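Undergrad: for reference, the sequence and a predicted model appear below.
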Amino acid sequence: MQDSAPAPLTEEQVRRAPKVLLHDHLDGGLRPQTIVELAAGCGHELPVSGGAEELGRWFTESADSGSLERYLETFDHTVGVMQSAQALTRVARECVEDLVEDGVVYAEIRYAPEQHVRDGLSLDEVVAAVQQGFDEGCAAAGDRIVVRQLLTAMRHQARSMEIAELAIAWRDRGVAGFDIAGAEAGYPPTRHLDAFEYLQRENAHFTIHAGEAFGLPSIWQALQWCGADRLGHGVRIIDDITAHEDGSVELGRLAAYVRDKRVPLEMCPMSNLQTGAAASLAEHPIGLLKRLRFRVTVNTDNRLMSGTSMTHEMWSLAQAFDYGLRDLEWFTINAMKSAFLPFDQRFDLISSVIKPGYAALATEAAQG
Ligand SMILES: O=c1[nH]cnc2c1ncn2[C@H]1C[C@H](O)[C@@H](CO)O1
Ligand SMILES: [Zn+2]
């Protein structure tokens, strides 16, 4: 008889476990050393002058602000050094290298092309430069990772239609979908309804940052007006769930819809602690949402600003909620099922990479 107790986990096992990343910002994941070098090359003035280590600390400390708006201010110093094709290619290539090192087997990486045209690049050149970096990184990694782009439009700007058209123009050349990001309060997703309706007519996929810094109305609009396939964060769906003292739980209509329709939630626990969307990891809604079997996925959001990685997110959750390998496999398969990749490719990654990867780790753990 097989022992049904969850295998005891080590951080090293989590690092080696196959992981899937759906929500990660290219401009939120630079290596501090790369920022120092790119800033020197393009004349961008950094907030501190002491080198990579001090700069890395500056990002995590400044992002740890309790407010999404202040958190977002730190991006001035990553976007500022990502204004040339060479810089974009380098950052994209290093992103793939870092994800491979972290045990990620499939990633959708997002960024806002409209933020990278200050020095004269066209939107098309921006996407091409990032794709070049992803191609180089993936080629160097052999077949260990598959990477796609998601193109983001900034919700306070008015270029979403153009960015949606860009995503369609690149849909067979590395771009898997579309997103909107930026300050949530005051900028409802319905401002960009024309872009979402266009994408729906094109049979395209999109996710919307919603329910992070603003509550249920934002999630409701993202799903019921805009037709989002997935929710970026979506943590505030917890506001539509009542936990009674006797242990029973009641879902409001929106929460029930999200669970019934298997709407993927791109949860980013460490980022939520920094922006104030959750008070502590132990109190993070991910614990209850997983127990209620919402389609929860685990993500990094911004590896630089949160000083995080997929290994760190999953290892921290494992410690906070006593998760074992099976729970991490569940998150990973949830994410792979929710990817904006064709069904046959998702199926193949689940059956030939993810399941065998977790099975091998479970065998290893059982053998001590
Ligand atoms: O967690 C986030 N919420 C909303 N916007 C975000 C978040 N993380 C990054 N962004 C913004 C800042 C980036 O410059 C932009 C594109 O990646 O997306
Ligand atoms: Zn995000």
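TA: Nice, I can see it. Numbers count the residues shown, from 1 in each chain. Ligands and ions are numbered 1, 2, ... in the order given.
Undergrad: show me what contacts the residue in the stretch 151-300 of the chain that ligand 1 sits nearest to?
TA: Of all residues in the stretch 151-300 of the chain, the one sitting closest to ligand 1 is Ala181 (3.4 Å; C-beta to the nearest ligand atom). Where you see a C-beta, it was placed from the backbone N, CA and C, and this is true even at glycine. Going by C-beta atoms under 8 Å, 6 or more residues apart in numbering, Ala181 touches His25, Arg110, Ala112, Thr152, Ala153, Met154, Arg155, His209, Gly232.
Undergrad: show me what it is bridged to.
TA: Ala181 has these beta-bridge partners by DSSP bridges: Met154.
Undergrad: and the pLDDT for it?
TA: If you check Ala181, the pLDDT there is 97.
Undergrad: adjust the sequence numbering to begin at 44 for everything that follows.
TA: Will do, 44 is the new start, and the previous item becomes Ala224.
Undergrad: over to His87. Which of the three states is it?
TA: Classification of His87 by DSSP: H, G, I helix; E, B strand; the rest coil places it in coil.
Undergrad: check Gly270 too.
TA: Under three-state DSSP, Gly270 falls in the coil class.
Undergrad: circling back to that earlier point, distance to ligand 1 and neighbour count for the contacts of Ala224 - can I get that in a markdown table?
TA: Converted to a markdown table, the contacts of Ala224 look like this (distance: C-beta to the nearest ligand atom, whole Å; neighbours: other C-beta atoms under 10 Å):
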| residue | distance to ligand 1 | neighbour count |
| --- | --- | --- |
| His68 | 4 | 25 |
| Arg153 | 6 | 25 |
| Ala155 | 4 | 24 |
| Thr195 | 5 | 28 |
| Ala196 | 9 | 25 |
| Met197 | 7 | 19 |
| Arg198 | 8 | 23 |
| His252 | 5 | 29 |
| Gly275 | 7 | 28 |
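Undergrad: and those residues, which is closest to Gln243?
TA: Ala196 (15.4 Å; C-beta to C-beta).
Undergrad: what about the lowest-mean-pLDDT helix or strand in the chain, near ligand 1?
TA: Using mean pLDDT, DSSP states H and E, helix 111-116 stands out as the lowest-scoring helix or strand of the chain, at a mean of 91. Yes: looking at helix 111-116 against ligand 1 by C-beta under 6 Å from any ligand atom, the contacts come from Leu111, Leu115.
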